[in-house]
Every structure is written in structure tokens, then in C-alpha cells.
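A.B. asks: need coordinates for the following:
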Amino acid sequence: MTDKTIIGIGIGGALIIAGFVSIMTYFVANREAEKRVKLQNEIELLTRDSELIKQEQKELMNKTKLELYEKLCTSPQVINLSTKITTVQTIDYAHSELPLSENWSEKLSPTSQCIEDMFSVTYIQTEDRGESSLFVCVDCNYVAHGQANVIYRQLKPKGVTLSDLLKLQQIDKTPIEDKTIEAEGIVEKISYDL
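C.D. replies: Prediction:
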């Protein structure tokens, strides 16, 4: 064998090895890319499933809320009333998470974190053409006195209980002292752009 033959065999062998390494690198890279694509697809499916579950939960909560409104209200329709708000009072009520004792209020300090143990009901007194009406709101932020559009659902004559208001807020608790509120309706929204 001549030197040229040995060099040729060496170069040929090197090219075969380089080709083999190149092919193996391609297959490994291709396999990694396939794994990434598969993982991305799984993540997308999980995200879609999670969003679908959230949507289904929201629809179920809305359905439950609408069923409760059907039980409490004269009509599923909301009423838009242009009126004058004369009095606003928010009262906090305790539900069953607080210790049930005679002096439970003494166990609450002004700095205690008891928001989850309390829920607020805002009573809104209105006057329109000499007629006075009382409305309740369970998720009001700030209610100003004066002219406003009150969008509400009209209650049946028996009124609404604190338990029902908790259910409307999707709080699965029982008020410590349940009572019935005789009101015209449950406020959905208040606007002041008259």
C-alpha cells in the first residue's frame, strides 16, 4: 500500500465518521425538536383544558346565580331607575367562620384581618316623586348621594335573607344571625352619568 492509499483510506474513514456523527447529530436534534413540539402541544392542551374548566365553573356559578335571582326576584330583567339617593348605610355581618360565642365581637380588634369572616350589605334609600324605596347592594364600592341611575332586580314581596345575599356572592357560609331584608330590589349597578 502506498502512502496515497493510506491517506485516502484515512480521509475516507474520517468522512464516514463525520457523516455518521452528522447523521446522529441530526437525529438527536430532530428528536429534541420533536420532544419540544410535543411538550408545547401538551402545554397548549393543558392551558386550553384549564381555561375550559374555568369557563365551565364561571358558567355554573352564573347559572346558580340566575336560578337564585329567579327564586328571589319578580322578573329576570333588570330595571333602570333614575332617582335621587338620599341615604346610604353599609352594615357588616358575620358569617359562620367567626367563633360562635356571646362576646364574639370582643374578639375582633380594629386591626384584625377578618374580611373573609364578614360580608357587607349596603342599604340605599332613594326618593322619587315623593316615594321612598330601599335597595340592597352586596358588592358596592362607593355610593354617592344625589341623582343617579340605579340598575336593579326587583325583589318579590317577601324580601331577601342574608343567607341569600351570601349565596349571590358565592360565599358558601351561613350568617351568624340570619334576617330578612324588606327591600325593593338588589342593585346591580349605579351610574351618575345622567
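
A.B. asks: next helix or strand past the longest helix along the chain?
C.D. replies: Assignment by DSSP state H gives helix 3-72 as the longest helix of the chain. The helix or strand immediately downstream of helix 3-72 is strand 79-94, counting by DSSP states H and E.

A.B. asks: which helices and strands sit right next to the longest helix of the chain?
C.D. replies: helix 162-168 (3 or more C-beta pairs under 8 Å, 6 or more residues apart in numbering; DSSP states H and E). Bear in mind the C-beta positions are built from the backbone N, C-alpha and C, glycine included.

A.B. asks: which helices and strands does the helix it packs on pack with?
C.D. replies: Going by 3+ C-beta pairs under 8 Å, 6+ apart, helix 162-168 lies up against helix 3-72, strand 118-128.

A.B. asks: for those, which one sits closest to Val143?
C.D. replies: Evaluated with C-beta to C-beta, the helices and strands packed on helix 162-168 place strand 118-128 nearest to Val143, the distance being 5.9 Å.

A.B. asks: centre of the chain to the closest one, how far?
C.D. replies: For strand 118-128, the distance from its own C-alpha centre to the chain's C-alpha centre is 23 Å (C-alpha atoms, centre = their mean, to the nearest Å).

A.B. asks: contact partners of it?
C.D. replies: Contact partners of strand 118-128, identified using C-beta atoms under 8 Å, 6 or more residues apart in numbering, comprise 81-95, 132-138, 140, 143, 150, 162, 165-166, 169, 171, 175, 181, 183, 187, 190.

A.B. asks: mean confidence for the longest helix of the chain?
C.D. replies: Helix 3-72 carries an average pLDDT of 74.

A.B. asks: so of the helices and strands packed on helix 162-168, which one's packed in deepest?
C.D. replies: Stretch with highest mean neighbour count among those: strand 118-128 (a mean of 17; mean count of other C-beta atoms under 10 Å).

A.B. asks: quick one, that one and strand 79-94 angle?
C.D. replies: If you take axes from the mean of the first three to the mean of the last three C-alpha atoms, to 10 degrees, strand 118-128 sits at 150 degrees to strand 79-94.

A.B. asks: returning to that earlier point: right, and the helices and strands packed on helix 162-168 - which one's nearest Lys158?
C.D. replies: Lys158 sits nearest to helix 3-72 of all the helices and strands packed on helix 162-168, at 8.6 Å, using C-beta to C-beta.

A.B. asks: tell me how far the closest one lies from the chain's centre.
C.D. replies: A distance of 32 Å separates the centroid of the chain from that of helix 3-72, by C-alpha atoms, centre = their mean.

A.B. asks: before we move on, what about stretch 160-177?
C.D. replies: 17 Å.

A.B. asks: make 789 the first number, not 1, from now on.
C.D. replies: Noted, 789 is the first residue going forward, which turns the last one into stretch 948-965.
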